[in-house]
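Fold the following for me, if possible:
(one chain, ligands or ions: 1)
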Amino acid sequence: MAMTSLARRRATSLFNSSILRGSAFSRSFASGSDDNDVVVIGGGPGGYVAAIKAAQLGLKTTCIEKRGALGGTCLNVGCIPSKALLHSSHMYHEAVHAFPNHGVKFSQLEVDLPAMMAQKDKAVSGLTRGIEGLFKKNKVNYVKGYGKFAAPNEISVETLEGGNTVIKGKNIIIATGSDVKSLPGVTIDEKKIVSSTGALALSEIPKKLVVIGAGYIGLEMGSVWGRLGSEVTVVEFASDIVPTMDGEVRKQFQRMLEKQKMKFMLKTKVVGVDTSGSAVKLTLEPAAGGEQTTLEADVVLVSAGRTPFTAGLGLDAIGVETDKLGRIPVDHQFMTNVKGVYAIGDVIPGPMLAHKAEEDGVACVEFIAGKEGHVDYDLVPGVVYTHPEVASVGKTEEQVKAAGVAYRVGKFPFMANSRAKAIDDAEGLVKILAEKETDKILGVHIMAPNAGELIHEAVLAMQYGASSEDIARTCHAHPTMSEAVKEAAMATYDKPIHM
Ligand code: FAD
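Sure thing, here's the model as predicted:
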């Protein structure tokens, strides 16, 4: 496959191992010609974006979705409702803790949880309807129902209205996403023991919330309920929270969350759950074994990761292979081992993130349309939407060290950033790692109130193979939080001005 100019330029980089995945497995072959050029199973960020892009490329496209609403996990029970509640709960928290410092006082303040949930639901329904509108605009045929392979180019759909229909396609894209991973011996009832879906719809603020799993979803949901008044304890088997995060940033992040009264029990496993009383009683044990303790909670959130969702899809019937984690391996064009059957998003290996699923979707249909698709998996940003947010792209310091690359580090704290001081929200830092010899940026890590927005300057810079000096010599508006990125870049190859 020909490379884009961007991919070609990066081909010499030390860290470009996964720009496009290679494949080494054999294929069986589909047969038959069909009504649609493309049929997408699943209308999440991977599936609906793939469907729209396919239609924009002139391909006759059908998308099958069983939920009755488009947008998948992300819009319905993931990214969007969680960000809505994070924002609402942050406003309340700010009103209680920060507004008085800004001279804004209330005589009375209270949480109206049903109204908060209604605003979240309104955001979700508006956005999911918006995608239906985009389907109409782009002439994507939308079938509401549960799809199952009858043949490699034929999907039998049990429709939500009742009855069955068969949809044929020259190319089928599996975009069925992921589901909550359960823990052995812990039954999720979505009342006392909830998944992230239940945690987004609690009818009362729990007095005590225990979160099992210190990944980004657990910390975000813990933050929501902590801000609204719950006592939050996070139980984590590993020795660290968010293990993919840069170690130094992670330590500061944990301290920030502890300042917000979130408690952590690391290197701890849950070995028993008793729901017979009014409270849930968890039995805990050190990860390495040892003396057991108990912990009580009104609600327990199980947030131990997500697992690819392929139930009822009939993969066995057409011979699509899965790996031992249930993911569908694909080649560099997103094709499975069965010709004409593709897979994208959470259901394939790679980070389980909505924006990554979208990139997969676009690249996949570009390949189907005979064009060139491109996803740079080394430059998928990751964001934890707590307050402050933590965003990163590229390598952590630990990864750079392990690769044996000589590097420089530049850091700049928001305490020295004028905008952050002006708004009295100055916790956090920017950390940039650059190759010592070439100054090429290898990784950027930001902890700041709006880190999820700030990170894109770094993503773009890295996409173009920029050096830290390139960022440092770029004029940044004043006063902005972005100036901290510029100063950290200055600190990487030279010295910052304001510190
Ligand atoms: P999904 O969004 O899971 O969509 C798959 C769709 O396929 C579903 O709608 C499902 O109903 C449908 N489907 C499955 N099987 C069939 C079938 N047989 N027939 C028909 N339809 C079928 N990611 C981020 O990038 N940022 C965030 O802030 C973020 N926050 C999150 C917060 C929470 C609480 C959760 C749970 C997830 C969050 N994620 C976030 C992850 C993100 O939601 C997923 O990575 C993303 O939704 C994956 O997209 P997808 O299209 O691969 O799958």
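
Give the helix, strand or coil label for Leu70.
Under DSSP: H, G, I helix; E, B strand; the rest coil, Leu70 falls in the coil class.

The ligand versus that one, what's the distance?
8 Å (C-beta to the nearest ligand atom, to the nearest Å). C-beta coordinates here come from the backbone N, C-alpha and C atoms, glycine included.

Same question for Leu75.
To the ligand, Leu75 is 8 Å away according to C-beta to the nearest ligand atom.

packing partners for the host helix or strand of that residue?
In this structure, Leu75 sits in helix 72-77 according to DSSP states H and E. Identification of packing neighbours for helix 72-77 by 3 or more C-beta pairs under 8 Å, 6 or more residues apart in numbering; DSSP states H and E yields helix 45-56, helix 113-138.

got CSV for those, with mean neighbour count and distance to the ligand too?
As requested, the helices and strands packed on helix 72-77 are arranged in CSV below (neighbours: other C-beta atoms under 10 Å; distance: least, C-beta to the nearest ligand atom, whole Å):
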stretch, mean neighbour count, distance to the ligand
helix 45-56, 28, 3
helix 113-138, 15, 10
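
so which of those comes closest to Ala175?
helix 45-56 (3.2 Å; C-beta to C-beta).

Direction included, what does whatever helix or strand comes next after the closest one pair up with?
The helix or strand immediately downstream of helix 45-56 is strand 61-65, counting by DSSP H and E. Its sheet considered, strand 61-65 pairs with strand 36-41 (parallel), strand 141-151 (parallel) by DSSP bridges.

doesn't Gly46 make contact with Asp360?
Yes. Judged on C-beta atoms under 8 Å, Asp360 makes contact with Gly46 at a distance of 5.6 Å.

Can you pull the residues that touch both of these two?
344-345 (C-beta atoms under 8 Å, 6 or more residues apart in numbering).

Up against the ligand, what does the stretch 201-350 of the chain have?
217, 309, 312-313, 345-346 (C-beta under 6 Å from any ligand atom).

just these now: which is nearest the ligand?
Among those, Gly345 lies closest to the ligand (C-beta to the nearest ligand atom), at 2.2 Å.

export stretch 140-160 as CSV, just CAs?
In CSV, the C-alpha atoms belonging to stretch 140-160 read as follows (Å, rounded to 0.1, in the frame of the first residue of the first chain):
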residue,chain,number,x,y,z
VAL,A,140,-27.6,5.9,4.8
ASN,A,141,-30.3,3.3,5.1
TYR,A,142,-31.0,2.7,8.9
VAL,A,143,-32.3,-0.6,10.0
LYS,A,144,-33.3,-1.0,13.7
GLY,A,145,-32.7,-4.5,14.9
TYR,A,146,-30.3,-7.3,16.0
GLY,A,147,-28.0,-8.3,13.2
LYS,A,148,-26.6,-11.8,12.8
PHE,A,149,-24.5,-13.3,10.0
ALA,A,150,-26.4,-15.8,7.8
ALA,A,151,-23.5,-15.8,5.4
PRO,A,152,-20.4,-13.7,5.0
ASN,A,153,-22.3,-11.2,2.8
GLU,A,154,-25.8,-11.7,4.3
ILE,A,155,-27.1,-10.4,7.6
SER,A,156,-30.4,-11.6,9.1
VAL,A,157,-32.0,-8.9,11.2
GLU,A,158,-34.5,-9.4,13.9
THR,A,159,-36.1,-6.0,13.7
LEU,A,160,-37.2,-4.0,16.7
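
That stretch near the ligand anywhere?
Yes. Counting by C-beta under 6 Å from any ligand atom, the ligand has neighbours in stretch 140-160: 146-147.

For the residues of the stretch 201-350 of the chain next to the ligand, pick the one with the most neighbours.
Gly345 (34 neighbours; other C-beta atoms under 10 Å).

what pairs with Lys281 across the strands?
Bridge pairing for Lys281 - DSSP bridges - gives Asp274, Glu296.

Let me see the contact set for it.
273-274, 294-296.

do that again at 7 Å, thanks
With C-beta atoms under 7 Å, 6 or more residues apart in numbering as the criterion, the residues that contact Lys281 are 274, 294, 296.

Then Gly229?
Gly229 makes contacts with Ile205, as judged by C-beta under 7 Å, 6+ apart.

my read is it is in a helix, agree?
No. Counting by three-state DSSP, Gly229 falls outside a helix, being coil.

Relative to the ligand, how far out is it?
Gly229 is 20 Å from the ligand, by C-beta to the nearest ligand atom.

From the recorded domain assignment, give the ranges for the chain.
Domain ranges of the chain: 5-73+120-180+307-379, 193-304, 388-493, per automatic domain parsing.

What is the end-to-end distance of the shortest one?
It stands for domain 388-493. 27 Å (C-alpha to C-alpha, to the nearest Å).

near the ligand at all, that domain?
No. Residues of domain 388-493 contacting the ligand under C-beta under 6 Å from any ligand atom: none, with a closest distance of 8.4 Å.

tell me how far that domain is from the chain's mean position?
Between the centre of domain 388-493 and the centre of its chain there are 21 Å (C-alpha atoms, centre = their mean, to the nearest Å).

for stretch 256-265, which positions count as buried?
256-257, 260, 262-265 (16 or more other C-beta atoms under 10 Å).

Which members of the residues you listed are positioned in strands?
263-265 (DSSP state E).

Adding pLDDT, write those residues out as JSON lines.
Below are those laid out as JSON lines (pLDDT from 0 to 100):
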{"residue": "Lys263", "pLDDT": "98"}
{"residue": "Phe264", "pLDDT": "98"}
{"residue": "Met265", "pLDDT": "98"}
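
Distance to Ala420 for the residues you listed - can I get that in a markdown table?
Listed next are these as a markdown table, based on distance: C-beta to C-beta, whole Å:
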| residue | distance to Ala420 |
| --- | --- |
| Lys263 | 27 |
| Phe264 | 26 |
| Met265 | 32 |
